[in-house]
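Peer 1: Could you work out the structure for the sequence below:
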Amino acid sequence: MSAPASAAAAAIATKADNGDVVLISSSSVDVVAQSPGGTVTAASASVVSSVTVSAAVEPAAAATTASASPAAASSRPLTAAQRAKRKRGAVEEEGAATPETTPKRQVQTTMERFSRRLAESAETVAAREAKMNPYHLEWRSHGTLLYLVSKEGSPAPLRDSERVAAFDMDGTLIRTRSGRKFPTGRSDWVWLLPGIPDRLRALHQDGWKLVIFTNQNGISTGHQSSSDIQGKILDLIRDVGVPLSAFVASADDLYRKPATDMFAFMSSRCNGGLAVNKDLSVYVGDAAGRAARWDGSAETKKDFSASDRKFAFNVGLSFHTPEEYFLNKPKAPFSWGPGMIDPGALFAKAATGVAAAASAAQQQDQKMIDPASPHCSAAVIAASSRARGASPAAAAAAPASPSAKPGLRRTPRSPAAAASASPSPPPVADLALSSPTGVAAVAPLSAAAAASPASATAATPSPSASASPPPVAYHAPDGQQEVIVFVGLPAAGKSTFAKKYLVPHGYVHVNQDTLKSKEKCVKACAEALGQGRSVVVDNTNPSAELRALYMAQARKHGCVARCFHFIVGEDVAKHVNMFREKLTNGAHKHVPRIAYNMFKSKFEAPALREGFREIKQIDFVPYFANTPAGQHAKQLFYQMS
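Peer 2: The predicted structure is shown next:
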C-alpha cells in the first residue's frame, strides 16, 4: 500500500473475509491506495468513508514495495524524523520481532491513531453544528416551497401558537451589508433596524409564533443559491437567539406572495394543529405601495410593489410596515399599484349590471352587422333593425360604407380604449358569460376596503345578489355551418365561453394551447370544415393577418364567419390569469406578462371589412354557483394578485 506525499494519509488496513483490504479515511484527509494489481482508489469526504481495494496486501508485497528502487531511495537525503524512525526500527528488530508480526503492529498503531483523530473530528463537527444551528433545525421542501422544521430532540423546538407574528425578510428584517439592491452572498446582510432582535425576542418570550415568509424567485431562475438563502436564515436565527419558522417561495407559482398558499401550508402543516387567530395575528412587510418620499426624505424611493400589503389582505391579517411596527411611525399613504382592481367591487358591479342589461336589450343591439354581406339574411337585418328602432326596408337600403351604416357602433382602436369605452348597456346575451371573470369597467377600492380586509369582506355581496343570467343561444341555427373567430387578451374567459356555449352544440374547438402551433390550428379548422362541422377558433388572434388565415378557410368552404371580441380590460385579465392558476391548484399555469405586451403590440380591432358577417362584443361578468365549489372559487377570486 502506498500513499502520495501530498496526502498525509491517516488510514488503517484490515483484511475482510474475502481477503480484500479496506481503507478508511478520516474526515480531514485524502487517502489514495494502490493495490498490487495497479488499481488506484481514493477517498475524500467530510465524513468517514471506506474503500475496498481489489486485492489483498500481503507482507511480502509490502516489503517489495518498500524495497523498490533502492538507488533512487539512497540518492535522497533523510530528514531528521526519517533518521529517528529508522533508528527506532533497528531497535525493534533487535528484539524478538519477526517479519510476520511487524506489519500487524503497524496496523494496530495506525488504527489507534485513526480512532483518536476520528473522535476529535466528531467532536469538532458536533461543536460546529451546535454553534451554527443551536436549535437543531433542518430544511425540508414541499414542491417549490422550502421550510424549516425542528429535528427530533431539539432543545428549543419551533413554537406552535394561535398568535402569529409574521414577517417578510429582505427590506423588513434585514438589508444588504454591501448597500446593493440584491445580496452578494450568504453573509451580505445586517439588521434593518438595531432594535429588531430585541423586539423579536420579546415577542417570543410573550408566546408568539415567529414566522418569516419570503419570496425568493431567484432560486428557480438561477440568480440565487438556495444554500445561501437557507444559510442566511439560519444565521439570522442564531443571531437573534430565538427559534423562528421560515417559509421560502422559491419560484413564481402558487406559493409566491401575494398568493396565500404559503400561509395556508404553515397554518395547516406547521402549527401543531392549532388554528391561527387572524384577529390577533399580524404581518409586517416593506412592499406596501408607498410613493417616493413617503417619509418626507428626498432619498426615500417608492416601494417596488404592494405585494406584502396584498398578502396580508388576502390572508386576513393586520398589516404594518417595518417603520410602523418597530418604530411606531404613523401609517403612510399608499396605493395598491397601477392596474389594481377590487374583485369585490367588480363582482357587485357585474351583479347589478345583469338587471340593467335585461331592460336595455330591446333598445340597443351591440352587434356589428353588415347588411351588404352576402351571408347576412333578411331575418338578421330585420332583427337588427328592430333593435335600433328602424324599419327593415330602411336598413336594407343603407349605404355600403361602414361609416354610413345606421346603428353601426365602431370598435375602439386599442384594447385599452375598448375597455374604457362607455357604450349603451349590452343585452343580457353579452352579460351571460358564466365564468370566473369580470366586467371591463372596474371600480377602485373603496376607502373602507383599503383601510382593512375585514371591511372589504363585509362589503362583498351575498351569493343571492347575483342571479344566474338567463340561457342564451350563441351558436348558429341548426344546419348552418360557420367559423367563429375569437379575439381577446389571454385569460379573458374565451375558453370557458367556448366550452359552455359552443362546444356542446357540435363546434370543433381549435385552440393553440392544445395544438401548439398556428399551422396545426389552421389545419384542424380546414379538416373540420371539410367534414361539414362548425369551428370556434379559441386563440387571442390580435391581428387581421392572423384572422385572415381562418377567413380564407371559411371562404373556401362557403360558410359564414363571425367574430366574438372579448372586451376585457388588461388588469381584469391579469387578475383572472392568476385566479385560474389558484383555482386549478397550479395545473393551469399563469400566462407570462410578456404575452400581454405582445398582444397589445399586434392588436388591430376586428372590422367587418375583413369579411365577418357579424362582430359580437362579449363583456365579462363573474358568476359563481351557490355550491361549495362555486363559493370556494368566489373566495379565490376575491384575492388580490
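Peer 1: going forward, measure contacts and count neighbours with C-alpha atoms only.
Peer 2: OK.
Peer 1: if I pick Leu173, what's in contact with it?
Peer 2: 167, 191-193, 196, 322 (CA atoms under 8 Å, 6 or more residues apart in numbering).
Peer 1: Take those and keep only those in helices.
Peer 2: 196, 322 (DSSP state H).
Peer 1: what's the closest of the contacts of Leu173 to Cys270?
Peer 2: Phe167 (16.1 Å; CA to CA).
Peer 1: wait, what's in contact with the closest one?
Peer 2: Contacts of Phe167 (CA under 8 Å, 6+ apart): 173, 210-213, 283-285.
Peer 1: and which of the residues you listed is nearest to Leu145?
Peer 2: The nearest member of the contacts of Phe167 to Leu145, counting by CA to CA, is Phe213 at 10.5 Å.
Peer 1: Please name the residues that touch the closest one.
Peer 2: With CA under 8 Å, 6+ apart, Phe213 has these contacts: 166-169, 246-249, 262-263.
Peer 1: Helices - which of those residues land there?
Peer 2: Those of those lying in helices (DSSP H): 262-263.
Peer 1: The stretch 451-600 of the chain: strands as residue ranges?
Peer 2: Using DSSP state E, counting those that start in this stretch, the strands of the stretch 451-600 of the chain run over residues 482-487, 508-510, 535-537, 560-566.
Peer 1: how about those strands, which one is nearest Asp303?
Peer 2: Here strand 560-566 is closest among the strands of the stretch 451-600 of the chain (CA to CA), at 33.7 Å.
Peer 1: Give me the angle between the closest one and strand 482-487.
Peer 2: Taking axes from the mean of the first three to the mean of the last three CA atoms, to 10 degrees, one finds strand 560-566 and strand 482-487 inclined to each other by 30 degrees.
Peer 1: Quick check: can you name the pairing partners of strand 560-566 and their directions?
Peer 2: strand 482-487 (parallel), strand 614-618 (parallel) (DSSP bridges).
Peer 1: what residues does the first one touch?
Peer 2: Strand 482-487 is contacted by residues 476, 494, 533-542, 547, 550, 554, 559-566, 606 when judged by CA under 8 Å, 6+ apart.
Peer 1: Now with 7 Å, please.
Peer 2: 534-542, 554, 559-566 (CA atoms under 7 Å, 6 or more residues apart in numbering).
Peer 1: Then stretch 190-198?
Peer 2: With contact meaning CA under 7 Å, 6+ apart, stretch 190-198 is reached by 171-177, 240, 326.
Peer 1: Send me that stretch as CSV with only the CA atoms.
Peer 2: What follows is stretch 190-198, C-alpha atoms only, in CSV (Å, rounded to 0.1, in the frame of the first residue of the first chain):
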residue,chain,number,x,y,z
VAL,A,190,-27.3,43.3,8.6
TRP,A,191,-30.4,44.1,10.6
LEU,A,192,-32.6,46.7,9.0
LEU,A,193,-33.1,48.5,12.4
PRO,A,194,-31.0,47.9,15.5
GLY,A,195,-33.9,47.2,17.8
ILE,A,196,-35.4,44.3,15.7
PRO,A,197,-33.6,41.4,17.5
ASP,A,198,-34.8,42.7,20.9
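Peer 1: What residues sit buried inside it?
Peer 2: In terms of neighbour count (16 or more other CA atoms under 10 Å), stretch 190-198 has its buried residues at 191-192, 196-197.
Peer 1: of all those residues, which comes closest to Gly296?
Peer 2: Nearest member of the buried residues of stretch 190-198 to Gly296, counting by CA to CA, is Leu192, at 19.2 Å.
Peer 1: From Ala165, how far out is the closest residue to that closest one other than its chain neighbours?
Peer 2: Of all residues not flanking Leu192 in the chain, Ile174 sits nearest, at 4.4 Å (CA to CA, 6 or more residues apart in numbering). To Ala165, Ile174 is 16 Å away according to CA to CA, to the nearest Å.
Peer 1: What of Val536?
Peer 2: Noted for Val536: a distance of 51 Å to Ala165, by CA to CA.
Peer 1: Tell me which of these two has more neighbours.
Peer 2: Val536 (26 against 20; other CA atoms under 10 Å).
Peer 1: Does Ser335 touch Arg290 like I think?
Peer 2: Yes - using CA atoms under 7 Å, Ser335 is in contact with Arg290, at 6.4 Å.
Peer 1: Who has more neighbours out of those two?
Peer 2: Between Ser335 and Arg290, Arg290 has the larger neighbour count (other CA under 10 Å), namely 22 against 16.
Peer 1: Stretch 582-601: end-to-end distance?
Peer 2: Stretch 582-601 has an end-to-end distance of 28 Å (CA to CA).
Peer 1: nope, stretch 163-175 is what I meant
Peer 2: 26 Å.
Peer 1: hmm, back to that, farthest pair in the buried residues of stretch 190-198?
Peer 2: Greatest spatial distance in the buried residues of stretch 190-198: Leu192 and Pro197, 10.1 Å, computed using CA to CA.
Peer 1: how is the protein carved up into domains?
Peer 2: With domains defined by automatic domain parsing, the chain comprises 11-130, 137-327, 343-366+409-637.
Peer 1: looking at those, which one has the lowest mean pLDDT?
Peer 2: Of all those, domain 11-130 carries the lowest average pLDDT, namely a mean of 53.
Peer 1: doesn't Phe265 fall inside a helix?
Peer 2: Yes - counting by DSSP: H, G, I helix; E, B strand; the rest coil, Phe265 is located in a helix.
Peer 1: how close does it get to His590?
Peer 2: 21 Å.
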